[in-house]
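**Q** sharing a sequence plus its predicted fold:
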Amino acid sequence: MIDTHWIRKIALRIILMVPFLMYGSAHVLLAQRAQDYIVRFRQGANAAARAMVVRNAGAEVGFNFHRVNAAAVRVPNAKALAALQDDPFVLAVIPNRPVFAYQVKENGKDETAKGKPTGGGGNAAQVIPAGVVRVGVPTATSNGSGIGVAVLDTGC
């Protein structure tokens, strides 16, 4: 004779586990969505070679830059990202994120370039923008020699 109590217990456990398994699977799928990157290539890699490297890795070329050895690419998953990073023609794979010329306050209002971020008064210390800290604050002996500037606007 079949023990129905035991079958009910197993069925209940399976029913309770299904939402957790579905949530975990969805979480993994969302974490693996396509991401945009700027890929820098070694000197001498022409546009066709760069496009071939990107396609062979399983990624998609969004824009192939002509004046610099780089391409804006969409990488669908971690396997394609690893393939790009391991390619001998690739120097760097950098996340393509928006960059702003000004900081945004926590309340969402932008800070202007007219003066101190604190409004010019009071004893509050001046805030050094993250971009300035990242590239290094100029010193008294800075004259700009040896500095190159490039702005890559992918239109995204």
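**A** Looks like it arrived, so ask away.
**Q** which stretches of the protein have low pLDDT?
**A** Along the chain, the model assigns pLDDT under 70 to residues 1-2, 16-32, 101-129, 131-140, 156.
**Q** how about 50 then?
**A** Counting by pLDDT under 50, the low-confidence segments of the chain come to 24-31, 111-119.
**Q** so where do the strands sit in it?
**A** Per DSSP state E, the chain carries strands over the ranges 35-41, 60-64, 70-75, 90-95.
**Q** same list, the ones you listed, but as TSV with distance to G148 please.
**A** For glycine as for every other residue, the C-beta is placed from the backbone atoms N, C-alpha and C. Listed next are those as TSV, based on distance: least, Cβ to Cβ, whole Å:
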stretch	distance to G148
strand 35-41	14
strand 60-64	21
strand 70-75	14
strand 90-95	15
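**Q** would you turn the ones you listed into TSV with mean neighbour count and distance to V149?
**A** Putting these into TSV (neighbours: other Cβ atoms under 10 Å; distance: least, Cβ to Cβ, whole Å) gives the following:
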stretch	mean neighbour count	distance to V149
strand 35-41	21	16
strand 60-64	16	20
strand 70-75	23	15
strand 90-95	14	16
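**Q** give me the domain ranges for this protein.
**A** If you go by automatic domain parsing, the domain ranges for the chain are 35-95, 98-138.
**Q** residue contacts, A92?
**A** Residues in contact with A92 (Cβ atoms under 8 Å, 6 or more residues apart in numbering) are V39, R40.
**Q** how does it look with 6 Å?
**A** Contacts for A92 (Cβ atoms under 6 Å, 6 or more residues apart in numbering) come out as R40.
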